[in-house]
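[1] Dropping the sequence and predicted coords here.
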Amino acid sequence: MNIINILDEIEKVDGEIYERLNPRRAAMKSFYNFGSKMAVAAVPLALGSMFKKAYGQTTSTVIDVLNFALTLEYLEYYFYQQGAATAGLIPVGTPAVSAINTIRDHELAHVNLLKGAITASGGTPVSFVATQFDYTAKSTFPTVFTSYPTFLAVAQAFEDTGVRAYKGQAPALMGSPSVLQTALQIHSVEARHASHIRQMRKAPAGGGVTALKPWITGANDSGVPQVDAVYKGEDNVTQAGINIPSLGVSTAAATESFDEFLVKADVLAIASLFIK
């Protein structure tokens, strides 16, 4: 497999790889074509150099990504902490009490791990206290801590945002395998949280949103228009250049079968609604 073949394979999971490396794909091909023996011998060194440029593999980049993730984890942790501590919000005597407490504890574990990782990398972790967050999103959700269905709807938005945010930052961690592995481990847990919260919303006490599925369907998935930004791009039906419905599946199934990522700017725009 030559360098172009390798890059073509990577392009299937990172459609912007050629733009990251060089805005002109032809330049990459000419690199390979100039003396094939020399080019083949240089593949490992060339890939290492190019990926460092493509993905910005520096300690400061890694710390920036980790602090970005830490901000989201603080947002989630204090949300569940306040929800669990609010009398009458979570139905007493139901599995929901244990579920919310468990998710809260998971988020705290994520906070503490990320803080440690940032410190170990020579960085300074961002720090938040509960009073720095406005979970009404500037009065968008005034009943977030008095209405259990509203609480769960906001929880779903947070979890789905977290899943897509971690996915979007993965390329920036490719040069730090251990950090990437940890981020992916958190990412999968956030996905389980999102699925469980969706199931809780389907229950009568959670609002009886029976049409909701454990996975994302299209770009208006939550049933709450105020959080549609969380699902931006989830109506995409083209993967690796292939139109998925053309393979014989429905448009809904095509959007459900593949999760999309959110870029950092979109995630920060969502999070900023809840940060004072």
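    All right, it came through fine. This structure is a prediction, so every number in the text was calculated from the model and none was measured. Numbers count the residues shown, from 1 in each chain.

[2] Enumerate every residue touching residue 195.
    Listed by Cβ atoms under 8 Å, 6 or more residues apart in numbering, the contact partners of residue 195 are 214-215. In short, each C-beta sits where N, CA and C put it, glycine included.

[3] Tell me the secondary structure at it.
    helix (DSSP: H, G, I helix; E, B strand; the rest coil).

[4] quick thing: my sequence starts at 40, can you match it?
    Understood, numbering begins at 40; the last thing we discussed is residue 234.

[5] Any figure for the gap between it and residue 148?
    19 Å (Cβ to Cβ, to the nearest Å).

[6] One more: residue 248?
    Counting by Cβ to Cβ, the gap from residue 248 to residue 148 is 29 Å.

[7] More neighbours: which of those two?
    residue 248 (18 against 14; other Cβ atoms under 10 Å).

[8] and the more buried one, what is it in contact with?
    188, 240-241, 262.

[9] Can you select the buried ones among the residues you listed for me in PyMOL?
    Buried subset of the contacts of residue 248, written as a PyMOL selection, criterion 16 or more other Cβ atoms under 10 Å:
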select buried, resi 188+240+241
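
[10] Could you export the contacts of residue 248 to a markdown table, including columns for secondary structure and pLDDT?
    Output for the contacts of residue 248, formatted as a markdown table (DSSP: H, G, I helix; E, B strand; the rest coil; pLDDT from 0 to 100):
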| residue | secondary structure | pLDDT |
| --- | --- | --- |
| 188 | helix | 95 |
| 240 | helix | 94 |
| 241 | helix | 91 |
| 262 | coil | 76 |
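
[11] just the contacts of residue 248 now: which is nearest residue 169?
    residue 188 (22.5 Å; Cβ to Cβ).

[12] and the closest residue to the closest one other than its chain neighbours, how many neighbours?
    Nearest-residue entry for residue 188: residue 246, 3.3 Å, with adjacent residues in sequence omitted and distances by Cβ to Cβ, 6 or more residues apart in numbering. Close neighbours of residue 246, defined as other Cβ under 10 Å, add up to 20.

[13] next one: residue 200
    Counted with other Cβ under 10 Å, residue 200 comes out at 24.

[14] again with residue 144
    For residue 144, the neighbour count with other Cβ under 10 Å is 14.

[15] what helix or strand does it sit in?
    Here residue 144 is covered by helix 134-159, with elements defined by DSSP states H and E.

[16] so is residue 131 in a helix, a strand, or just coil?
    Per three-state DSSP, residue 131 ends up coil.

[17] returning to that earlier point: model confidence at the residue nearest to residue 188, what's the number?
    We have a pLDDT of 89 for residue 246.

[18] Show me what counts as buried in the helix holding residue 144.
    Buried, per 16+ other Cβ under 10 Å, within helix 134-159: 135, 138-139, 142-143, 145-147, 149-150, 152-154, 156-157.
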